[in-house]
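below is the sequence, then the predicted model.
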Amino acid sequence: KAGVTQTPRYLIKTRGQQVTLSCSPISGHRSVSWYQQTPGQGLQFLFEYFSETQRNKGNFPGRFSGRQFSNSRSEMNVSTLELGDSALYLCASSLEGQGSPEQYFGPGTRLTVT
Amino acid sequence: LAKTTQPISMDSYEGQEVNITCSHNNIATNDYITWYQQFPSQGPRFIIQGYKTKVTNEVASLFIPADRKSSTLSLPRVSLSDTAVYYCLVVRNSGYSTLTFGKGTMLLVSP
């Protein structure tokens, strides 16, 4: 079974621009979560989508948004990019189930803002 | 969710057993303990999850005492490829998971 895929893998943008990142979950997984990883703040939860609805949201400004499509694929968008948005953006998918389901992470998108 | 505390870094040699302890004093009744591993520039990978006593899989063992205020991840006979950051997380039994990562433990395995 194919793993979580993220595109693009690397991206360079300029301050003030916007960016859209894409994530394709493992087939059959309907929950998709996004995380930001930086050297200073570590891994931080952005938001989680399930059945096209945002179910959880982390403590990030409104410039960070996302959506999920009917095939469970998800996109996240960052508007008005700032230098501090440079980070590794990770997507993870999981099944619904008992307990706390294991999350399967993709390889990430490395965003550099100049 | 309960805050977790684990060592910032650990060193080991190939072939040794490594034990990484995590404290989570305020863990709730319906919380699980989960460990993830992360290599540089890759997404984290699930290692093991447990609620109480001992859980073992092909990769690691997880020991959880009766009071559940701490847990120990045990990696048998580590190799160079086990060099990674290991995260201890407390996750809620809710049918879905939102992961709250701490700083993790950087394990360096030397020849």
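Sure thing, it's come through.

going forward, measure contacts between C-alpha atoms and count neighbours the same way
Fine.

find the centremost residue of the chain, please.
Reading this off chain A. A:Trp34 (3.0 Å; CA atoms, centre = their mean).

correction: the question concerned chain B.
Nearest to the centroid of the C-alpha atoms of chain B, with distances taken as CA atoms, centre = their mean, sits B:Trp35, at 3.5 Å.

which bits of chain B sit near chain A?
Taking CA under 8 Å from any CA of the partner chain, the part of chain B that reaches chain A is made up of B:32, B:41-46, B:91-103.

so which of the residues you listed belong to strands?
Among these, the subset assigned to strands under DSSP state E consists of B:Tyr32, B:Arg45, B:Phe46, B:Val91, B:Arg92.

tell me the secondary structure at B:Thr29.
Counting by DSSP: H, G, I helix; E, B strand; the rest coil, the backbone at B:Thr29 sits in coil.

give me phi/psi at it?
Per-residue torsions, B:Thr29: phi -60, psi -40 (degrees, to the nearest 10).

same question for A:Gly84.
With angles defined as degrees, to the nearest 10, A:Gly84 shows backbone torsions of phi -70, psi -10.

neighbours around the closest residue to it other than its chain neighbours, how many?
The spatial neighbour of A:Gly84 that comes closest, neighbours along the chain excluded (CA to CA, 6 or more residues apart in numbering or on different chains), is A:Val113 at 7.7 Å. A:Val113 has 17 neighbours, counted by other CA atoms under 10 Å in any protein chain shown.
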